[in-house]
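Novice: how would this look folded up:
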Amino acid sequence: MIRDPYQNNRLAELVARTTGLQTGRRIFHAITGTVIFVAVTQLDLSESLTITGLSVLFLILLALDLIRLRVPHLNILFFRFFQILVSPRESQSIASSTWYILGALIAIVLFPISAALSGILVLAWADPTASYLGRRWGRRSFLGGTLEGTIAFLVVAVLILSVRHPPAIAIPSACLITLVERSAWPLDDNLVLAPACAGILTLSELLI
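Specialist: From the prediction side, this is the model:
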């Protein structure tokens, strides 16, 4: 906890600047997942190398988060230099990008690589699209968000999964992961979505 009034006020000022549509944050969100997908599929990275790389990256990000949360001045610097990428809640908690990498790692460790990569793409594109459109044009409340944002998530998820999986698997899986995204989870969405989507796809492939 910050006890210095100046540091407390300075952090509050920086946090206040991160509200709104946060377009840069959502673009970065999409790029991160896309880079993971391209690295695995186009650079022909092995699964073990991918897991190692993501594990190292996660540990680095987690360590940096824990340090900045304990050192007020570093937390202020974090919000100053990464203003377009952070959200207000990260002033007191682990950054969403850290959970994002952990979610991608869990998906790849627990599920077939094809399903894991589909889950990562859904996280990368459907989630920020829904969040942006929901905040920008959402008018109707739906399960803690907006109906417009939920529809946007579903449409993008269907498009992504339909490219990578048969329609009989893609469409039901997209509907289920949309409901997962709208559920009230105590965990960060960035941690939950990729493994949940990969798990749904894997189960669907076994049942169909």
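Novice: Now for this structure: which helix has the highest residue count?
Specialist: helix 47-70 (DSSP state H).
Novice: Could you list every helix and strand in contact with that one?
Specialist: helix 23-41, helix 72-81, helix 96-110 (3 or more CB pairs under 8 Å, 6 or more residues apart in numbering; DSSP states H and E). Bear in mind the C-beta positions are built from the backbone N, C-alpha and C, glycine included.
Novice: Check what contacts it and list those residues.
Specialist: 36, 39-40, 45, 74-75, 77-78, 92-95, 97-98, 101-102, 104-105, 108-109, 113 (CB atoms under 8 Å, 6 or more residues apart in numbering).
Novice: Just the buried residues out of those, in PyMOL syntax.
Specialist: Buried residues among these (16 or more other CB atoms under 10 Å), as a PyMOL selection:
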select buried, resi 36+40+45+75+78+94+95+97+98+101+102+104+105+108
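Novice: quick one: the helix or strand of the chain with the lowest mean pLDDT to helix 72-81, angle?
Specialist: When the helices and strands of the chain are scored by mean pLDDT, DSSP states H and E, helix 5-16 comes last with a mean of 73. In terms of direction (axes from the mean of the first three to the mean of the last three CA atoms, to 10 degrees), helix 5-16 departs from helix 72-81 by 30 degrees.
Novice: ok, and what's touching helix 5-16?
Specialist: So helix 5-16 is contacted by I2, P72, H73, N75, I76, F79, R80, Q83, P88, S91 (CB under 8 Å, 6+ apart).
Novice: what about dumping the CA coordinates of that helix to CSV?
Specialist: Extracted as CSV, the C-alpha positions of helix 5-16 are listed here (Å, rounded to 0.1, in the frame of the first residue of the first chain):
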residue,chain,number,x,y,z
PRO,A,5,0.5,11.1,-0.3
TYR,A,6,2.4,12.4,-3.3
GLN,A,7,2.9,8.9,-4.7
ASN,A,8,-0.7,8.0,-4.0
ASN,A,9,-2.0,11.1,-5.8
ARG,A,10,0.4,10.6,-8.7
LEU,A,11,-0.6,7.0,-9.2
ALA,A,12,-4.3,8.0,-9.0
GLU,A,13,-3.7,10.6,-11.8
LEU,A,14,-2.0,8.1,-14.0
VAL,A,15,-4.7,5.5,-13.4
ALA,A,16,-7.4,8.0,-14.3
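Novice: so where's the protein shaky on pLDDT?
Specialist: Confidence mapping of the chain against pLDDT under 70 gives the ranges 1-6, 20-21, 144, 184-185.
Novice: so who does the closest residue to S204 other than its chain neighbours touch?
Specialist: What sits nearest to S204 in space, not counting adjacent residues and going by CB to CB, 6 or more residues apart in numbering, is I169, at 4.7 Å. Contacts for I169 (CB under 8 Å, 6+ apart) come out as L161, L201, S204, E205, I208.
Novice: For PyMOL, write a command that selects the buried ones of the residues you listed.
Specialist: A single PyMOL command selects the buried members of the contacts of I169 (16+ other CB under 10 Å):
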select buried, resi 161+201+204+205
